[in-house]
Every structure is written in structure tokens, then in C-alpha cells.
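Enquirer: Model the structure of this input:
(one chain, ligands or ions: 2)
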Amino acid sequence: MKADTQDTLASVTELAGVGPARARLLALLGVRTVGDLLLLSPLRLESTGCRATCAEAADRVGAVAQVTARVARTRFFRRGGRQSVFTAYLEDESGAIEAHWFNQSWLRESVMEDAQITVAGRVGLTKKGRPTLVVPRIGTEEKPLPAPDGWEPVYPTVDGIGQGLLRGLCRQALDLADELDERVSAEMRTRLGLPTLAEAARVLHEPRDPQEFAAARRRVAFEDCLAMQARLQRRAATSEGGDALEVETSDAQHAALLGLLPFTLTGDQARVVEEVRCDLARRRPMRRLLQGDVGTGKTAVAFYACVAAARGGGQAVLAAPTELLAEQHHAVLAPLFEAAGIKSGLLTGSTPARERSRVLKGLATGELEVALGTHALLSNKVRCERLAIAVIDEQHRFGVAQRTRLLEKGRDVHVLLTTATPIPRTLALSIYGDLAVSVLKERPPGRGKVTTRWLKKSDGERLHGFLSERLEAGEQVFWVAPRIAAGSEERGAIEAHARLCESALAHHGVLLVHGALDAGLRQERLAAFRSGEARILVATTVIEVGVDVPQATVLVVEGAEHLGLAQLHQLRGRVGRGSADSWCLLFGKASASERFELLEHTDDGFEIAEEDLKRRGMGELDGLRQSGGGLDPEEDLDLLLAARDAIASDPALAEAYLGALELEGGELSP
Ligand code: ADP
Ligand code: MG
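Expert: Residues are numbered from 1 along each chain as shown. Ligands and ions are numbered 1, 2, ... in the order given. A predicted model of the protein is given here:
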């Protein structure tokens, strides 16, 4: 049975004032039907202001006020071009206040001296410090101001669909609110403290108080959670039936695969590899996140997963977020694959045409068993004959849609994600249904310790002496500048390279790599640095992730205040990869001293990631908040969990939401 869906509500063109042109614009907001409009979550609420006299308003800078007063005089001032300022001086018995509008020259004809007007706006201060109503709305007979002491919704808008129009349309749609299909039981609504959809719509579009509004927003977010879970669980259920490649690896084969690696696994690595081995042996596709700080050896696990799948008759892709990292994976792993008799190839944006077509053909015919690469692997041109596993290295550097796209290159693809940044549980739940997590804590044995220091400009001289010592001892140096060329504030990598080339250190060999460099040249220079032919590498943050040169013991970062905590920690991971002690030396402004001090004090990536999360907020990390739906990964965890359980235990409910998705004419992007 297919339940009714919200889409049975009429198209937005049924509303007064919406023709095909506006319908197209509304579609940009994801609004196609009246139902969509009813469930459009405002971004926030705005106060309609309190009624105030001129004197009271002047006294409440920062607040929103509604003032009825006489226009004592007006002034129009052209700033040049189409820029202008219109000022009205308002008066009542209590006193006076100004009001300002910008670039609205027509107001000269509608706000006349001596008239009585009502305006509503935020009270600000002029440059001279006088209180003023900043671009207030003017009430008219046809369009009166909203009642004072209330709230108004503020919607996301697009060009051509303004705030006022949207407010009007949403209110108009409310007539149909009772036709919204309520699928959530009263019992569950009570448990989660949620209103019905119809109540939620009324509160969203005609809000009376912020608390009620918050509950209504959650009700709509819950709809999104349910739809998402319905889709995820269907995906998982169809795979239960068994389309993932079952990779059985015998103990002898297992040992042989590990024997390909140039080192013995750490205890943590061995445990995780065992987990991956078990996952791969099932028909149900693996969904595993490998969390491990920089340098804990995640690549070895990724390698194992790829080789095991290839040996088991499937194809594997390993995607990395930067070309540099993909190239390095290729340089390190290709010989290991070859030793195992497995054919591998590299595909990035810089892969030459002939090689590209060889890799594409190899993947499509099944001849190529493993492809390493970047986002280029996500292209529609990439088709795999029998993709069995996708490994996404440094998964947080890929977008949500990208991660999903890779999975769609095969049926029931096993997935291994690696990250040095813990992934919020909500995110895992909402993208993958759920995710098993493996953690690598232990670092490979025999590593030197890494000391981090925040240096002063005046330490520059001494630094050169220190670098000279390290270089004489046969060690190598990374020198990082945030930008390619110098800006007005900071120095660039090109200048740093030039300076080092003229310094007493030049004879150690100084090379430069950055993102704008030709790929061939970049690979050549990185290879020269890796081999020790050149022993100083000047770079932008292109080397942030992955680059692995164990002889490098010193990392110098200039302009470190331009880089975030997590980024600096990742960069620091470039050193401390050999047995010698290493140094991470930061030059940066005191404005970022807190960050530098934290780095001096800890090298625990999880602690740093947590701090980073606190500072930057969750939204930037996962793109979930921006993706709309008003879902807040921190506040709405209970909704995600409840949706997961509800869909799992109620097939009819799942069916209803899947029906709605199908009617939408496609997959809901997670
Ligand atoms: P990350 O977790 O940051 O991706 P990598 O996989 O790049 O770390 O490993 C970092 C370095 O440690 C590499 O040079 C790798 O060869 C080395 N390594 C990894 N595992 C071990 C191990 N068990 N014993 C010795 N060295 C190891
Ligand atoms: Mg890595």
C-alpha cells in the first residue's frame, strides 16, 4: 500500500500570485508543492518590535521599535551613482528620532513632510552617534505593519523571491495545512515533544513565541530524518539479500597479504585489519570508519582492504582528497600491488590523456583491479566492471554528495573511510545509516618525539643555525607558507623559496611545490625531496595531508595564524615519521596564540579536533546544516535516533516515506 504523500497537495502555481516564473524560482528553494511551502523552515525569527514613542525608541539602541510620529522634515542626499540616503526627522510629544533609508529615492514622493507615519525598524546610531531607525518598514493602509510585540519568520530567499512575498505565500498556504499527511503517531509526538505537522506549519509561518517555534522546526526536521532513514534502511535491506562481494581470506592468504608490507603491523593495526577481514567476508556491505591520528598508519589498513578485495575477485578504488596524496599513495603502493600480482593505476585531474583512457578502459573491462586517485574517480566517465570496495582516505575532505557518488559506482560496495578527525555520530547516522568505527591509537614503534614551538620573529637568525645543524646531520626540512605568492600581510611560498635559495642553506637543495604547479613538475620535485636529492621543500598547504617523508624532521610554518588548529596539526604530522626527534616551529601573530599554545601542549589529535569543533562549530565540518532541512546535528540527535528506530520497526511508515521520495522524482540526497 502506498500511503498518501505531501505531494498530493497542489503545485505552488495554484496559489494566487505564483505563475510559472515564480514557480521556477521557488523550486530553487526546494519548494514545488503547497506542501513543500508549508514545511519550509524559516531560518530564524525576528521581533516585530515594541510600540514606542520617539523618546523611548531613541533610548533603545539595538532593539526593534514601532513608532508613530509626525515627519518634521526630510532630507535627500545623493552620494554619487545610484547611491542615495533619504532621512526623515520624526517627532512626537516625547521627542524626536531620525530614520534612514538607502537607495530608495522614490521615498521622496511617499514620505511627505508633516504627514503622520508608522514605521518599524531596528534602532541604530548615526556616525555622529544620534539614534536612528535603520531602514524601517513603513506601514500603509494596504500593507499594515505586523502587530507589535510579536515575531516574524525570516526565510531563506533567492533573487526574485523576497522575504515579503514568501511570508505572504506561506500564510496563504496555511489554508491547506490540515491536508498535510500526518504520519507520526500521537504517542511518538508526545514522547519527542513534537506538534502535529499542521500545527507546526501554523507556528512556523505565524510564530507566536520562540519556544513553540523551536518545537515546530524540530517537527519538520523530523520529517527529513524519517525520509532519510527510510532511504538508508532500504539500501541496507536490499544489501542484506547479498550483493556485496564476499571476500573470504584464509589464514595463509591473510599472512601472505600482510607479508607484502615492509613492516610488521602495530597491535592496533592488526586488530583493525582483522575487523576489515571479517567485514569483507559478509554479504552485507562493510560500512567502516577508521579513525586514527596522523601517522598512526591508516594507509596499511587501506592497502590490506584493497588487496584482499582484488584477490577475492573484485575491483577496488582508493580516493584521496589531493593530487599530491593520491600520487604518493600510488608511488608507495603500486610496487606492493605489483608484488601481489595486482594491476593498479592512478587517476587524477592531471593524469595525461593516454594514461587516463587506459585506466578508464581497464576499470570498465575489469582488467584493472585497483584504481588510486582523487575526485577524478567520481566522474561519470568512471565505470567499474565489478567494484567491490571504495576506500575514501581523509574522508572529511570530501563532500557528502561526493562520498555517496562513489558508492553508486557499484552495487553494495564495501566502504572504508579513513579520517584523522572524529566524525560526529549524527553525521554517520544520517549519511550511512550507521557506521562501525575502528580506532588506531598506537603509533608505529621507534618514532622520535615531536616538539612544537611558537617562535618570535627575532628567533629567525637562530633558526637558520638550527636548520643548518639538522641538515648537516642528514635530516630534511619542510618550510610552509599559507599562500603561493606574498599578499599585503603575509609572505608567500615563492618568496620564502627565493630567500632560502639565497641563504647559506641553499647548497642543501631547495625546491618549491604549490597547487598551481604543473603536476609533472610537482611529482618530480616531491620525488627529489623524498630521495634526499634536495633537502629543503618549500610548500603551501598542499602538503597538509598525507605526504610521508620519514627523513624530514623539521617543519617550519610561516603565517601560521592563517591556518586552523586541525590544519596545523595535520601539517605537523609531516614530521615525526622517522626514528629521529622532530620539531614543528611556528611563526605567527599573537592573535592566534591560543592555538599555538594548545599545539605546544598536546599532540593528541582527538583533543585538538574537539577544540576545533568547539571553535568552528559543526556546520563547517560536515555540510549538514547548510544542506537545509533545518537539521541541527547537535540538538537533533534524538530525532535521528528516533527516526532510525521508527523506520526500522514500522514497515508501513518506511513505505510511506519512500513513496514520497519516489514521487519527488528521484533520490533524496542525504
Ligand atoms: P596516516 O595514518 O597518517 O595515514 P600513514 O599510513 O601514512 O599514516 O603511515 C605513516 C608512516 O608510518 C608511513 O611511513 C608508514 O610507512 C609508516 N608505518 C605505518 N605502519 C607502520 C608499522 N606498523 N611499522 C612501521 N612503520 C609503519
Ligand atoms: Mg594518510
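
Enquirer: separation between Gly341 and Ala256?
Expert: Relative to Ala256, Gly341 is positioned 11 Å away (CB to CB, to the nearest Å). Every residue, glycine included, has its C-beta placed from N, CA and C.

Enquirer: Those two - which one has more neighbours?
Expert: A count of neighbours by other CB atoms under 10 Å puts Ala256 above the other of Gly341 and Ala256, at 14 against 9.

Enquirer: Just the element for that one, please.
Expert: helix 251-259 (DSSP states H and E).

Enquirer: can you tell if that helix touches ligand 1?
Expert: No: against ligand 1, helix 251-259 shows no contacts by CB under 6 Å from any ligand atom, the least distance being 10.2 Å.

Enquirer: Okay, buried residues for that helix please.
Expert: Going by neighbour count (16 or more other CB atoms under 10 Å), the buried part of helix 251-259 is 253, 257-258.

Enquirer: Can you name every helix or strand that it contacts?
Expert: Secondary-structure packing of helix 251-259 (3 or more CB pairs under 8 Å, 6 or more residues apart in numbering; DSSP states H and E): helix 298-311.

Enquirer: Now look at the helix it packs on and say if it contacts ligand 1.
Expert: Yes: using CB under 6 Å from any ligand atom, helix 298-311 comes into contact with ligand 1 via 298-300.

Enquirer: Let's have the buried residues of helix 251-259 in JSON lines, adding pLDDT.
Expert: JSON lines is the format used below for the buried residues of helix 251-259 (pLDDT from 0 to 100):
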{"residue": "Gln253", "pLDDT": "93"}
{"residue": "Leu257", "pLDDT": "94"}
{"residue": "Leu258", "pLDDT": "95"}
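
Enquirer: just those now: which is nearest ligand 1?
Expert: Of all those, ligand 1 sits closest to Leu258, with 10.2 Å by CB to the nearest ligand atom.

Enquirer: my guess is that closest one meets Val273, correct?
Expert: Yes: assessed by CB atoms under 8 Å, Leu258 is found in contact with Val273 at 7.3 Å.

Enquirer: Pull the number of nearby residues for whatever residue of the stretch 101-250 of the chain ends up closest to ligand 1.
Expert: Of all residues in the stretch 101-250 of the chain, Thr249 sits closest to ligand 1, with a separation of 19.2 Å (CB to the nearest ligand atom). Other residues within reach of Thr249, judged by other CB under 10 Å, total 21.

Enquirer: what sits against it?
Expert: Going by CB atoms under 8 Å, 6 or more residues apart in numbering, Thr249 touches 257, 277, 280-281, 308, 311-312.

Enquirer: what's the farthest-apart pair in the residues you listed?
Expert: Leu257 and Ala281 (13.9 Å; CB to CB).

Enquirer: Can you name the residues in contact with the helix holding Ala256?
Expert: 249, 265, 273, 277, 304, 307-308, 311, 340.

Enquirer: Show me the shaky parts of this protein.
Expert: Residue ranges of the chain with pLDDT under 70: 1-8, 235-242, 399-401, 403-404, 422-434, 487-490, 546, 613-635, 660-670.

Enquirer: need the residues of it near ligand 1, please.
Expert: Counting by CB under 6 Å from any ligand atom, the positions of the chain adjacent to ligand 1 are 263-266, 269, 292, 294-300, 444, 548, 550, 573, 577.

Enquirer: Quick one, which of the residues you listed are buried?
Expert: Using 16+ other CB under 10 Å, the buried ones in those are 265-266, 269, 292, 294-300, 444, 548, 573, 577.

Enquirer: who touches Glu355 in this structure?
Expert: 345-346.

Enquirer: mind checking how far whichever strand or helix holds it is from the chain centre?
Expert: Applying DSSP H and E as the criterion places Glu355 in helix 353-365. Centroid separation for helix 353-365 versus its chain: 31 Å, with CA atoms, centre = their mean, to the nearest Å.

Enquirer: can you pull the buried residues of that helix?
Expert: Those buried within helix 353-365 under the rule 16+ other CB under 10 Å are 356, 358-360, 362-363.

Enquirer: For Leu325, state which of those is nearest.
Expert: Leu325 lies nearest to Val359 out of these, by CB to CB, at 17.5 Å.

Enquirer: From ligand 2, how far out is the closest residue to that closest one other than its chain neighbours?
Expert: Closest residue in space to Val359, ignoring its immediate chain neighbours: Gly345 at 4.1 Å, by CB to CB, 6 or more residues apart in numbering. As judged by CB to the ion, to the nearest Å, Gly345 and ligand 2 stand 20 Å apart.

Enquirer: OK, contacts around Gly345?
Expert: Applying CB under 8 Å, 6+ apart to Gly345 gives the contacts 355, 358-359, 362-363, 368, 370-372.

Enquirer: of the residues you listed, closest to ligand 1?
Expert: Out of the contacts of Gly345, the member with the shortest distance to ligand 1 (by CB to the nearest ligand atom) is Leu372, at 13.7 Å.

Enquirer: circling back: most neighbours of all the contacts of helix 251-259, which one?
Expert: Most crowded among these, counting by other CB under 10 Å, is Val307 at 27 neighbours.

Enquirer: Surely it and Phe337 touch.
Expert: Yes: using CB under 8 Å, Val307 is in contact with Phe337, at 7.0 Å.

Enquirer: any residues in contact with both of those two?
Expert: Contact criterion CB under 8 Å, 6+ apart; residues shared by Val307 and Phe337: Val370.

Enquirer: Only C-alpha atoms, please: export the lengthiest strand in the chain in PDB.
Expert: Ordering each strand of the chain by length in residues (DSSP state E) puts strand 64-80 first. In PDB, the C-alpha atoms belonging to strand 64-80 read as follows (Å, rounded to 0.1, in the frame of the first residue of the first chain):
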ATOM      1  CA  VAL A  64      13.300  46.900  17.200                       C
ATOM      2  CA  ALA A  65      10.700  49.600  17.700                       C
ATOM      3  CA  GLN A  66       7.400  50.600  16.100                       C
ATOM      4  CA  VAL A  67       7.000  54.400  16.100                       C
ATOM      5  CA  THR A  68       4.000  56.500  15.000                       C
ATOM      6  CA  ALA A  69       5.100  60.100  14.600                       C
ATOM      7  CA  ARG A  70       4.900  63.300  12.500                       C
ATOM      8  CA  VAL A  71       7.500  63.800   9.700                       C
ATOM      9  CA  ALA A  72       9.000  67.100  10.800                       C
ATOM     10  CA  ARG A  73      11.300  67.400   7.800                       C
ATOM     11  CA  THR A  74      13.100  65.200   5.200                       C
ATOM     12  CA  ARG A  75      16.400  65.300   3.500                       C
ATOM     13  CA  PHE A  76      17.600  63.600   0.400                       C
ATOM     14  CA  PHE A  77      21.300  63.200  -0.300                       C
ATOM     15  CA  ARG A  78      22.900  61.700  -3.400                       C
ATOM     16  CA  ARG A  79      26.200  60.000  -2.800                       C
ATOM     17  CA  GLY A  80      27.100  59.500  -6.400                       C
END
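
Enquirer: which residues are contacting the next helix-or-strand element following it?
Expert: Per DSSP H and E, the first helix or strand lying C-terminal to strand 64-80 is strand 83-92. For strand 83-92, the external contacting residues (CB under 8 Å, 6+ apart) are 53-54, 67-79, 96-105, 107-108, 111, 117, 119, 133.

Enquirer: buried subset of the residues you listed?
Expert: Looks like the contacts of strand 83-92 have 53-54, 67-71, 74, 96-101, 107, 111, 117, 119, 133 buried, using 16+ other CB under 10 Å.

Enquirer: starting at the chain centroid, how far to stretch 649-658?
Expert: On CA atoms, centre = their mean, the centre of stretch 649-658 falls 30 Å from that of its chain.

Enquirer: I'd like the distance between whatever residue of the stretch 351-500 of the chain ends up closest to ligand 1 and ligand 2.
Expert: Going by CB to the nearest ligand atom, ligand 1 is nearest to Pro444 of the stretch 351-500 of the chain, at 3.5 Å. According to CB to the ion, Pro444 and ligand 2 sit 13 Å apart.

Enquirer: Over to Phe337?
Expert: From Phe337 over to ligand 2 the distance is 17 Å, taken as CB to the ion.
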